[in-house]
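Engineer: Structure here, sequence nowhere to be found:
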């Protein structure tokens, strides 16, 4: 490791980002496909094309000048970085086991057809292994495409291993793109980002965290009016607004918790709008770096470019924290410094919504964890909903119970009394989590179901109708719909999910139920500024 800030900066700038070779690809898991699927596994021809593209990719990889890499670095003073010194020591300890965990949307889950370079996580991990060959480094990718941080803050943070050493968090695009839902600390999504950080820190208290602020580099044609505001028939191409993501507010939150930020936006925004500038800076064009289907998604080369930005921040952060702290690893001085780091208390939350939820922990059984709570599922099938390509990550597939007939009833038994932490004195909400329409087939076949309490506990029945939800509310987690009702506490609460009919403009009754959650009901203590912000942005 470097012994000075200058050496640390030089090392971060000059280390080459490595990419996995085709032989390093892990075998894909086999999944059961339901009738809700609208896509299939890649054909032999597509695999051949992929192999050709991969060979070309190995011959040509994007590069980035140091000045642009440095723009993406949003670091912190070493003294306030949470657990980064411990991470550096462990990476430099021969034989140590280092666990990296990744959270995020499709940019982090990646395109499995491009394996092994399925996302920026893969080349980043390859470079980490190359820089620290004596350590045994593994990754747990918990990202899922089409979902925002609210699902992670309520459910998926619980999937992180307690012994995690480095946690990567990418949630500045999903839920924050092409809207103003992440432009206030009163936003439920900004609050969820802060709540996620607090809960993941408690779940894996020894982990260093790195926030990754990705961006949608889509371009728009804008009509130019004349001096009177009338159309001229002339249009110009403009990039997406610089502030059109959650990064600005997420960065403030991350820094408060000792988390540095790698900004893909700040590193690349000024070059992605002009193909000639981009080609000069990276050696590649937009067509080579961004998916032609939807430019929010990088190609394999684009993932490598994103990883370059993130790798620079990761290496510079490791180098500066070592250079700033004296003493050798394991010395009494170092042990004292590490103990002081562990004593860092979680700060007071910025968001009043996050403050109200600061000390409570919900219960959630979503995806694979749901099956164990089913007590009567005879008319339902346990399956995976294929909404894109098959994937090998443990959390990237929608998993749950599906049925397609009116009257089909699924019963589940959960503990609404003791399953949550810090719920004493709080009322509780029961959340039904279900799949929203993601394919044309599912839109035409989507059903409506009712969530009700059958025995032990009581609640008011609530409908689960994906087409009745309003995007931007806290009842919409990307591709997951949320229906909420208050439930009484009971150790054996039996709830039922019953298909009631078809959704609007649908000819079927297909319903996919993903999970249940029990969340303590909290009240935010709002001051006048909070209340004005809530009204201005029309937050719930």
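Structural biologist: Okay, I see it. If you're wondering where the values come from, they're calculated on a predicted model, not measured in any experiment. Residues are numbered from 1 along each chain as shown.
Engineer: helix, strand or coil for residue 288?
Structural biologist: Here residue 288 is recorded as helix under DSSP: H, G, I helix; E, B strand; the rest coil.
Engineer: what's the distance between it and residue 299?
Structural biologist: Distance of residue 288 to residue 299, computed by C-beta to C-beta, to the nearest Å: 7 Å. Placement of C-beta: from N, CA and C, glycine included.
Engineer: mind listing what the residue most central in space within the chain touches?
Structural biologist: Against the mean C-alpha coordinate of the chain, by C-alpha atoms, centre = their mean, the closest residue is residue 104 at 1.8 Å. By C-beta atoms under 8 Å, 6 or more residues apart in numbering, the contact set of residue 104 is 143, 168, 169, 170, 171, 174, 212, 214.
Engineer: And residue 376, by the same measure?
Structural biologist: With C-beta under 8 Å, 6+ apart, residue 376 has these contacts: 409, 410, 411.
Engineer: Next one: the nearest residue to the last one once chain neighbours are set aside relative to residue 401, how far apart?
Structural biologist: In other words, residue 411. What sits nearest to residue 411 in space, not counting adjacent residues and going by C-beta to C-beta, 6 or more residues apart in numbering, is residue 376, at 3.8 Å. For residue 376, the distance to residue 401 equals 11 Å [C-beta to C-beta].
Engineer: give me the low-pLDDT residue ranges for this structure?
Structural biologist: 1-59, 111-117, 326-344, 386-390, 423-424, 437-441, 467-474, 536-538, 540 (pLDDT under 70).
Engineer: how is it carved up into domains?
Structural biologist: The chain is divided into the following domains under automatic domain parsing: 65-215+243-351, 361-520.
Engineer: Buried deepest among those domains, which one?
Structural biologist: domain 65-215+243-351 (a mean of 21; mean count of other C-beta atoms under 10 Å).
Engineer: would you list every one of the strands in the stretch 301-450 of the chain?
Structural biologist: 363-366, 374-376, 381-385, 398-403, 409-414, 428-435, 447-455 (DSSP state E, counting those that start in this stretch).
Engineer: Sheet partners, orientation included, of the shortest one?
Structural biologist: When you say that, I think you mean strand 374-376. Counting by DSSP bridges, the strands paired with strand 374-376 are strand 409-414 (antiparallel).
Engineer: Then the fourth one?
Structural biologist: Based on DSSP bridges, the strands next to strand 398-403 in the sheet, each with its direction, are strand 381-385 (antiparallel), strand 511-520 (antiparallel).
Engineer: what do you get for the first one?
Structural biologist: Strand 363-366 has the following strand partners under DSSP bridges: strand 511-520 (antiparallel).
Engineer: Tell me what angle the partner strand forms with strand 447-455.
Structural biologist: With axes from the mean of the first three to the mean of the last three C-alpha atoms, to 10 degrees applied, the angle from strand 511-520 to strand 447-455 works out at 50 degrees.
Engineer: just to revisit the earlier point, closest one of the contacts of residue 104 to residue 269?
Structural biologist: residue 214 (11.7 Å; C-beta to C-beta).
Engineer: Who are the contact partners of that closest one?
Structural biologist: Neighbours of residue 214 in contact, by C-beta under 8 Å, 6+ apart: 104, 107, 170, 172, 173, 245, 264, 265, 306.
Engineer: For the host helix or strand of the second one, enumerate the helices and strands it packs against.
Structural biologist: In other words, residue 107. Using DSSP states H and E, residue 107 sits within helix 106-109. Applying 3 or more C-beta pairs under 8 Å, 6 or more residues apart in numbering; DSSP states H and E, we find helix 106-109 packed against strand 166-170.
Engineer: what residues does the strand it packs on touch?
Structural biologist: By C-beta under 8 Å, 6+ apart, strand 166-170 touches 87, 98-105, 107-108, 121, 143, 160, 196-197, 200, 204, 207-214, 254, 259, 310.
Engineer: What strands flank it, and is each parallel or antiparallel?
Structural biologist: Strand 166-170 is paired, per DSSP bridges, with strand 97-104 (parallel), strand 208-213 (parallel).
Engineer: what sits up against the shortest one?
Structural biologist: It stands for strand 208-213. Contacts for strand 208-213 (C-beta under 8 Å, 6+ apart): 74, 81-84, 86-87, 104, 108, 120, 165-170, 172, 197, 200-201, 245-247, 250-251, 254, 257-266, 310, 313-314, 317.
Engineer: go again using 7 Å as the cut-off
Structural biologist: 82-84, 87, 165-170, 172, 245, 247, 250-251, 254, 259-265, 310, 313-314 (C-beta atoms under 7 Å, 6 or more residues apart in numbering).
Engineer: What of stretch 284-299?
Structural biologist: 62, 106-107, 173, 216-218, 272, 275, 278-279, 301-302, 305-306.
Engineer: can you rerun that using 6 Å?
Structural biologist: Residues from elsewhere that reach stretch 284-299 (C-beta atoms under 6 Å, 6 or more residues apart in numbering): 62, 216, 217, 218, 275, 279, 301, 302, 305, 306.
Engineer: Give me the angle between the host helix or strand of residue 201 and strand 208-213.
Structural biologist: Here residue 201, judged by DSSP H and E, is contained in helix 188-203. Angle of helix 188-203 versus strand 208-213, following the same axes, to 10 degrees, is 160 degrees.
Engineer: just to revisit the earlier point, which elements pack onto the next helix or strand after the helix holding residue 107?
Structural biologist: Next along the chain after helix 106-109, taking DSSP H and E as the criterion, comes helix 121-131. Counting contacts by 3 or more C-beta pairs under 6 Å, 6 or more residues apart in numbering; DSSP states H and E, helix 121-131 is packed against strand 136-141, helix 300-324.
Engineer: nearest to residue 357, of these?
Structural biologist: strand 136-141 (25.0 Å).
Engineer: After that closest one, which helix or strand is next?
Structural biologist: Sequence order places helix 149-154 as the next helix or strand after strand 136-141, per DSSP H and E.
Engineer: Now residue 109. Nearest residue, chain neighbours left out?
Structural biologist: residue 143 (4.0 Å).
Engineer: For the one you found, which residues are in contact?
Structural biologist: Neighbours of residue 143 in contact, by C-beta under 6 Å, 6+ apart: 102, 104, 108, 109.
Engineer: Please pick out the residue of the protein most distant from its centre.
Structural biologist: residue 228 (45.0 Å).
Engineer: circling back: and the furthest pair within the contacts of residue 104?
Structural biologist: Among the contacts of residue 104, 168 and 174 lie farthest apart (C-beta to C-beta), at 14.9 Å.
Engineer: if we can go back for a sec, now render the domains of the chain as TSV, adding distance to residue 233.
Structural biologist: Converted to TSV, those look like this (distance: least, C-beta to C-beta, whole Å):
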stretch	distance to residue 233
domain 65-215+243-351	23
domain 361-520	33
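Engineer: tell me which element residue 532 falls in.
Structural biologist: Per DSSP H and E: helix 528-537 holds residue 532.
Engineer: what's in contact with that helix?
Structural biologist: 184, 186, 352.
Engineer: Same list, those residues, but as TSV with distance to residue 325 please.
Structural biologist: Shown next, in TSV, are these (distance: C-beta to C-beta, whole Å):
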residue	distance to residue 325
184	37
186	38
352	35
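Engineer: quick one: which of those is nearest residue 420?
Structural biologist: Nearest member of the contacts of helix 528-537 to residue 420, counting by C-beta to C-beta, is residue 352, at 20.8 Å.
Engineer: Which members of the contacts of stretch 284-299 are the farthest-apart pair?
Structural biologist: 216 and 279 (20.5 Å).
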